[in-house]
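In: dropping the sequence and predicted coords here.
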Amino acid sequence: MRGIKIIANDGEIVQARGGEPQSEEAAALWESLGPQNHSFVDGNKRTAFAATYTFLAINGMYLTADAEEAYLFVANLYKANQFRFDKLVPWLRAHVEKRT
């Protein structure tokens, strides 16, 4: 996705470097679609996760975390009111790999 810019909630522009998508882009997308924005009456977390998962897949990447691990990570962030960019980036860096 060369040249694609994603604007995080704080207005910071996150862009692919050298044409390669970064975990920061996925985190910005995930955060921007998160439930704090209340885009929908129901399903905000699921929609945000699905959009991030799709973004990664389109860019030849995938999550290495299983469904339970991903659910617990997200649920614990929401429970602690910590669903933020600075929490998402390290987790994505540790749980995203390039498809071979």
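Out: Nice, thanks for sending it over. Residues are numbered from 1 along each chain as shown.
In: do a quick rundown of the strands in this protein.
Out: 5-7, 13-15, 61-63, 96-98 (DSSP state E).
In: average pLDDT for the second one?
Out: Along strand 13-15, the predicted confidence averages to a pLDDT of 47.
In: do the same with the first one
Out: Along strand 5-7, the predicted confidence averages to a pLDDT of 49.
In: what's the answer for stretch 85-100, then?
Out: 88.
In: can you give me the buried ones in that stretch?
Out: Using 16 or more other Cβ atoms under 10 Å as the test for burial, stretch 85-100 gives F85, K87, L88, V89, W91, L92, H95, V96. For the C-beta atoms, the positions are set from N, CA and C on the backbone; glycine is no exception.
In: ok, what's across the strand from the last one?
Out: Spelled out, that is V96. On the basis of DSSP bridges, V96 is bridged to L63.
In: isn't it right next to Y62, touching?
Out: Yes. Assessed by Cβ atoms under 8 Å, V96 is found in contact with Y62 at 7.1 Å.
In: what is in contact with these two at once?
Out: L56 (Cβ atoms under 8 Å, 6 or more residues apart in numbering).
In: quick check: mean pLDDT across the lengthiest helix in the chain?
Out: For the chain, the helix with the greatest residue count under DSSP state H is helix 44-58. Regarding helix 44-58, the rounded mean pLDDT is 81.
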